[in-house]
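>>> Output the structure for:
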Amino acid sequence: MLDKKLLEILACPICKKDLIHDTENKELICLTDLLAFPIREGIPVMLENEARGLDLSEKEKYQ
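Numbers count the residues shown, from 1 in each chain. Presented below is the predicted three-dimensional model:
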């Protein structure tokens, strides 16, 4: 589980917008760039080359 204060200050490294915490999949979601950044051992990996792309059906899940 990520600290709430950390979640408040984290932003997408590409567009700088807020992220959605997906606790089930252990990811931080950017709806603008359609990317999911992994959380490994409680540490967000905020690297574009480590993120996976989201498809449109996944985007709808978070809206």
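>>> Every contact and neighbour count from this point should use C-alpha atoms.
Noted.
>>> distance of Phe37 from Leu7?
Counting by CA to CA, to the nearest Å, the gap from Phe37 to Leu7 is 13 Å.
>>> Which one of the two is surrounded by more residues?
A count of neighbours by other CA atoms under 10 Å puts Phe37 above the other of Phe37 and Leu7, at 24 against 15.
>>> Help me confirm that that one is found in a strand?
Yes. Judged by DSSP: H, G, I helix; E, B strand; the rest coil, Phe37 forms part of a strand.
>>> In the beta-sheet assignment, what are the partners of it?
Listed by DSSP bridges, the beta-bridge partners for Phe37 are Leu28.
>>> give me every residue that touches it.
Residues near Phe37 by CA atoms under 8 Å, 6 or more residues apart in numbering: Glu27, Leu28, Ile29, Pro44, Val45, Met46, Leu47, Glu48, Glu50, Ala51, Arg52.
>>> In helices only, show me those.
Judged by DSSP state H, helices contain none of these.
>>> Quick one: buried ones out of those?
With neighbours counted by 16 or more other CA atoms under 10 Å, these contain buried members at Glu27, Leu28, Ile29, Pro44, Val45, Met46, Ala51.
>>> CSV for those residues, including distance to Asp18 and pLDDT?
Shown next, in CSV, are these (distance: CA to CA, whole Å; pLDDT from 0 to 100):
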residue, distance to Asp18, pLDDT
Glu27, 13, 97
Leu28, 9, 97
Ile29, 9, 97
Pro44, 14, 96
Val45, 15, 97
Met46, 13, 97
Ala51, 15, 98
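>>> In CSV: those, plus distance to Ile14.
Listed next are the buried ones among the contacts of Phe37 as CSV, based on distance: CA to CA, whole Å:
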residue, distance to Ile14
Glu27, 16
Leu28, 13
Ile29, 12
Pro44, 15
Val45, 13
Met46, 9
Ala51, 11
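>>> Which of those sits closest to Ser57?
Distance to Ser57 across the buried ones among the contacts of Phe37 (CA to CA) is lowest for Ile29, with 13.5 Å.
>>> Is the most far-flung residue of the chain relative to its centre part of a helix or strand, or is it coil?
Residue farthest from the centre of the chain, counting by CA atoms, centre = their mean, is Ser57 at 16.0 Å. Secondary structure assignment for Ser57 (three-state DSSP): helix.
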